[in-house]
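**Student:** sharing a model prediction with you, sequence too.
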Amino acid sequence: MGIALSYGLSTFSQTKEKQSGLALNNKLIWASGEFRTESVSGLNSMNDGIHYTSLESDENAGARIVKYSYLTGERVAVVAGSKSIFGEGKESIEDYAFSADESKLLITTESESIYRYSSKANYYIYELKASKLSPLTDFKKGKQRLAEFAPNADQVAFVRDNNLFLKNLSSGEEKQATTDGEFNKIINGATDWVYEEEFGFDKGFQWSPDGRKIALYRFDESEVREFSMAMYGELYPEEYRFKYPKAGEQNAQVGIWIYDTAVGNLREVNLQGEGAKVRFEYIPRIKWTLNPDLLCIMRMNRHQNVLEFILADMKVGSRSGDIPTTSCFKEQNETYIDVNDNLFFLQDGKSFLWNSERDGYNHIWQFYLDGSGPRQLTKGNYDVIDFYGIDQSKNTIYYSSSEVSATEQHIYALEMKKLKTRKLSLQSGVHTAVFSKTFAYYINYHSSANTPPYISMHNQTGKMVRVLKDNQSLKTTLAKYNLGTKEFFRFENSIKTPLNAWMIKPPGFEEGKKYPVFVTIYGGPGHNTVRDSWSGKSYLWHQMLAQQGYIVVSCDPRGTQYRGREFKHSTYKQLGKLETEDFIDLAKYLGGLSYVDQSRIGMQGWSYGGYMTALCMTKGADQYKAGISVAPVTNWRYYDSIYTERFMQTPQENADGYDDNSPINHVEKLKGDFLLIHGSADDNVHYQNTMEMVEALVQANKEFDMFIYPNKNHGIYGGNTTLHLYNKMTNFILENL
């Protein structure tokens with residue numbers, strides 16, 4: 001059905017005046033190497049801070065771990081190679097990690113993805129001096145997860161079959177630290193689905209600094225309800241079932257235990273404490289202090305608006321009893337508190353660094369273990385974005401922030417004593433840094449909206465040492481094509497709040513013409529689309545649509561980030577309401593421009609963006625002519641507990657907040673052309689969302705289109721899938737907008 005776009009042609013492009021330069025098409029963008037972006041990844045700083053290693057592929061030698069100089073870029077040595085250690089035609093090195101003393105390698109092979117971050121694999125230990133290779137365990141017992149050296153390099157901990165194991169590298173003995181692990185029931189040393197997805201980690205154990213103890217998570221999922229998905233391909237489809245706590249439903253019961261490797265015993269940490277007034281539901285992070293007997297545990301209530309740090313002291317209490325805890329930090333908010341990984345214990349043994357929004361913006365603070373008055377280290381009407389770490393020998397903190405603009409990101413150094421700040425990045429756009437272990441050097445990843453990544457090496461003063469990748473080949477290729485410029489602008493919504501947006505106009509744009517508009521959005525917490533950074537193939541697809549005669553626009557509504565707590569938290573308990581109002585205001589603003597055909601404004605979004613598209617096609621039906629919802633949430637009652645309740649509380653507490661902004665409850669307002677797309681094996685935003693939307697549309701007697709990708713997850717990729725998906729969406733746009 002429709003116009004095939006695999007060669008970049010359409011009725012519109014054939015009849016319009018020919019412009020200079022080549023035309024883009026989906027096959028070029030999604031299924032060729034024409035626009036390959038060079039990057040630098042997989043780098044690991046060595047302990048000396050002046051060398052790093054990189055995993056590289058060589059046609060003759062196979063995968064190799066190569067050591068380089070930060071300063072010169074010269075190759076110093078080949079640490080190990082897959083063909084030399086495994087032999088011809090055997091396993092390849094897929095990933096690696098050094099022991100703390102850099103005498104051994106932990107090599108990952110034959111990995112299999114599980115969910116967003118998690119995977120399982122077979123691991124090998126390689127002793128560098130002896131050139132000795134040995135399997136971590138008996139592979140016949142099944143693949144392993146999350147293998148990690150002890151800090152003193154004498155043991156490796158790993159997870160198999162939901163239990164934690166330890167391998168003694170001297171004796172070869174393998175110990176099983178837990179025994180009750182069971183799929184869809186008990187998880188030891190790893191996280192459940194919702195922690196992995198919403199708290200952003202899957203490794204549920206941590207070695208103590210002296211390598212003698214392991215703190216581990218234990219999830220009891222017994223009472224969590226299962227979600228099932230049919231997997232097609234066989235005569236009888238297989239059913240995959242996994243534990244998924246939806247909003248308002250039972251979560252897993254989470255405990256923290258500490259395993260003493262010397263005596264081989266497990267002790268549970270008392271997480272709630274005596275006489276606690278708040279019920280703590282979540283343990284979003286654990287981290288050992290510099291004291292190997294003192295573990296810091298973050299605990300949160302179910303509303304996620306109370307965060308407390310408690311300290312578990314291994315030296316207190318009996319060796320067989322529960323480990324008592326004491327509180328050292330507490331923060332409360334009327335809405336919610338975001339969890340991050342920016343917890344650093346300082347060498348003074350008395351204080352730590354942590355990001356807080358207590359003054360209205362996300363800033364770095366110094367807090368004290370004795371509870372004495374905190375010290376604010378960064379200050380201003382901007383958000384700290386990334387916290388890269390602290391060089392304690394020079395009392396200097398390195399971080400990035402939105403100080404220049406919410407659309408940009410820059411790198412800074414802060415001298416702690418004088419609170420003197422230096423801006424290290426110069427060019428406009430988005431900068432991200434990866435520092436060496438000693439902070440002597442960092443790699444700067446820089447790009448802008450219309451310029452591919454420029455990757456360079458810098459010393460700690462910000463001075464560029466050398467260029468790693470300039471993507472000049474890609475720039476030369478892009479120059480051959482008829483590309484417009486992504487331009488940033490601001491407009492005010494109906495209550496005079498300025499909102500950030502960008503626009504790509506068609507090549508050969510003429511003020512006297514009326515153009516259709518394609519709005520591409522996300523619009524939810526945690527992700528901004530209006531960033532002065534390279535967006536790769538999405539950028540090229542938007543350029544292709546511009547070549548077809550569309551103005552392409554994106555906007556960050558209220559509820560998005562980098563503009564302070566008030567702006568980000570404004571959508572609390574009513575996800576979808578203010579964002580939809582802002583996108584309606586956007587359409588009205590665009591419709592008022594002299595060069596926009598206000599009767600031809602459409603929208604497309606994925607995930608939260610799919611949710612926003614469904615709302616704009618219903619509640620905003622008078623402004624939007626056509627819309628594509630990919631993998632949308634259609635009712636927050638169907639989504640997971642941690643994410644949904646962070647912003648909405650539970651359905652039992654906030655029923656109107658859930659129902660008033662569910663597109664399922666507004667289907668009767670639909671007027672335009674609407675396309676629903678979903679993967680049938682989406683473990684994140686379940687296919688159930690689309691099915692419920694379909695049922696509501698049918699009962700309202702509304703016409704719509706739908707396409708389902710069998711066995712595809714939330715990303716909808718694999719084989720020819722991505723090309724097919726973008727052809728499907730492009731054809732829909734050309735036919736209906």
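**Tutor:** Perfect, I can see it now. Numbering: from 1, shown residues only.

**Student:** give me the contacts around stretch 489-500.
**Tutor:** Contacting residues not belonging to stretch 489-500 are listed as 406-407, 488, 501-503, 528, 530, 555-558, 581-582, 585-586, 589 [C-beta atoms under 8 Å, 6 or more residues apart in numbering]. Backbone N, C-alpha and C define where each C-beta goes, glycine included.

**Student:** among those, which are in strands?
**Tutor:** Counted as lying in strands by DSSP state E, out of these, are Phe488, Ala501, Trp502, Met503, Cys555, Asp556.

**Student:** can you name the two of those that are farthest apart?
**Tutor:** The two members of the ones in strands among the contacts of stretch 489-500 with the most space between them (C-beta to C-beta) are Met503 and Asp556, at 13.4 Å.

**Student:** off-centre distance for the helix or strand where Gly602 lies?
**Tutor:** Element membership for Gly602, per DSSP states H and E: strand 596-606. Relative to its chain's centre, strand 596-606 lies at 28 Å (C-alpha atoms, centre = their mean, to the nearest Å).

**Student:** what residues of that strand count as buried?
**Tutor:** Within strand 596-606, the residues that count as buried by 16 or more other C-beta atoms under 10 Å are Val596, Asp597, Gln598, Arg600, Ile601, Gly602, Met603, Gln604, Gly605, Trp606.

**Student:** likewise for stretch 700-707?
**Tutor:** When burial is assessed from 16+ other C-beta under 10 Å, stretch 700-707 yields the following buried residues: Phe704.

**Student:** how about stretch 563-579?
**Tutor:** Buried, per 16+ other C-beta under 10 Å, within stretch 563-579: 563-565, 567-572, 574-579.

**Student:** what's the answer for stretch 34-43, then?
**Tutor:** Across stretch 34-43, burial judged by 16+ other C-beta under 10 Å covers Phe35.

**Student:** quick one: mean pLDDT for that stretch?
**Tutor:** For stretch 34-43, the mean per-residue pLDDT is 89.

**Student:** centre of the chain to that stretch, how far?
**Tutor:** Computed by C-alpha atoms, centre = their mean, the chain-centroid distance of stretch 34-43 equals 19 Å.

**Student:** what about it, start to end distance?
**Tutor:** 26 Å (C-alpha to C-alpha, to the nearest Å).

**Student:** what of stretch 135-151?
**Tutor:** Stretch 135-151: ends 20 Å apart by C-alpha to C-alpha.

**Student:** neighbouring contacts of that stretch?
**Tutor:** So stretch 135-151 is contacted by 97-100, 104, 106, 108, 110, 112, 118-125, 155-161, 165, 167, 174, 189-190, 202-205, 207-211, 261 (C-beta under 8 Å, 6+ apart).

**Student:** what about burial for those, which qualify?
**Tutor:** By neighbour count, with 16+ other C-beta under 10 Å, those hold 98-99, 104, 106, 108, 118-125, 155-160, 165, 167, 189-190, 202-205, 207-209, 211, 261 as buried.

**Student:** centre-most residue in the chain?
**Tutor:** Centroid check for the chain by C-alpha atoms, centre = their mean gives Gly200 as the closest residue, at 7.2 Å.

**Student:** which non-adjacent residue is nearest it?
**Tutor:** If the residues on either side of it in the chain are set aside, Gly200 comes closest to Tyr117, at 7.4 Å by C-beta to C-beta, 6 or more residues apart in numbering.

**Student:** which stretches in the stretch 401-550 of the chain count as helices?
**Tutor:** Assigned by DSSP state H, counting those that start in this stretch, the helices in the stretch 401-550 of the chain fall at 472-478, 536-547.

**Student:** turn these into JSON lines, including distance to Ala130.
**Tutor:** Below are the helices of the stretch 401-550 of the chain laid out as JSON lines (distance: least, C-beta to C-beta, whole Å):
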{"stretch": "helix 472-478", "distance to Ala130": "42"}
{"stretch": "helix 536-547", "distance to Ala130": "44"}
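
**Student:** so for Tyr361, which of these sits nearest?
**Tutor:** helix 536-547 (29.0 Å).

**Student:** list the beta-bridge partners for Lys287.
**Tutor:** The bridge-partner assignment for Lys287, based on DSSP bridges, gives Cys296.

**Student:** quick one: residues contacting it.
**Tutor:** Counting by C-beta under 8 Å, 6+ apart, Lys287 has contacts Gln206, Leu295, Cys296, Leu343, Phe345.

**Student:** out of those residues, which end up buried?
**Tutor:** Neighbour-count burial (16+ other C-beta under 10 Å) is assigned, among these, to Gln206, Leu295, Cys296, Leu343, Phe345.

**Student:** ok, the third one touching Thr289?
**Tutor:** What it means is Cys296. Yes. Assessed by C-beta atoms under 8 Å, Cys296 is found in contact with Thr289 at 5.6 Å.

**Student:** related to what we said a few turns ago, filter the contacts of stretch 135-151 down to just the ones in strands.
**Tutor:** Going by DSSP E, the strands hold 97-98, 104, 106, 108, 110, 112, 119-125, 155-160, 165, 167, 174, 205, 207 from the contacts of stretch 135-151.

**Student:** for stretch 682-700, output the C-alpha coordinates as PDB.
**Tutor:** Only the C-alpha atoms of stretch 682-700 are listed here, as PDB (Å, rounded to 0.1, in the frame of the first residue of the first chain):
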ATOM      1  CA  ASP A 682       7.700  -5.400  24.200                       C
ATOM      2  CA  ASP A 683       8.700  -6.200  27.800                       C
ATOM      3  CA  ASN A 684       8.800  -2.500  28.700                       C
ATOM      4  CA  VAL A 685       5.600  -0.800  27.300                       C
ATOM      5  CA  HIS A 686       3.500  -3.900  26.800                       C
ATOM      6  CA  TYR A 687       1.600  -4.600  23.600                       C
ATOM      7  CA  GLN A 688      -1.400  -4.600  25.900                       C
ATOM      8  CA  ASN A 689      -1.400  -0.800  25.700                       C
ATOM      9  CA  THR A 690      -2.000  -0.900  22.000                       C
ATOM     10  CA  MET A 691      -4.600  -3.700  22.200                       C
ATOM     11  CA  GLU A 692      -6.600  -1.700  24.800                       C
ATOM     12  CA  MET A 693      -6.400   1.400  22.600                       C
ATOM     13  CA  VAL A 694      -7.600  -0.600  19.600                       C
ATOM     14  CA  GLU A 695     -10.600  -1.900  21.600                       C
ATOM     15  CA  ALA A 696     -11.500   1.600  22.700                       C
ATOM     16  CA  LEU A 697     -11.200   2.900  19.100                       C
ATOM     17  CA  VAL A 698     -13.300   0.100  17.700                       C
ATOM     18  CA  GLN A 699     -16.000   0.700  20.300                       C
ATOM     19  CA  ALA A 700     -16.000   4.400  19.400                       C
END
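
**Student:** contact partners of that stretch?
**Tutor:** Stretch 682-700 is contacted from outside by 115-116, 193, 197, 227, 229, 242, 244, 607, 610, 614, 629, 631-635, 638-639, 663-665, 667-668, 670, 674, 676, 678-681, 704, 706, 708, 712-714, using C-beta under 8 Å, 6+ apart.
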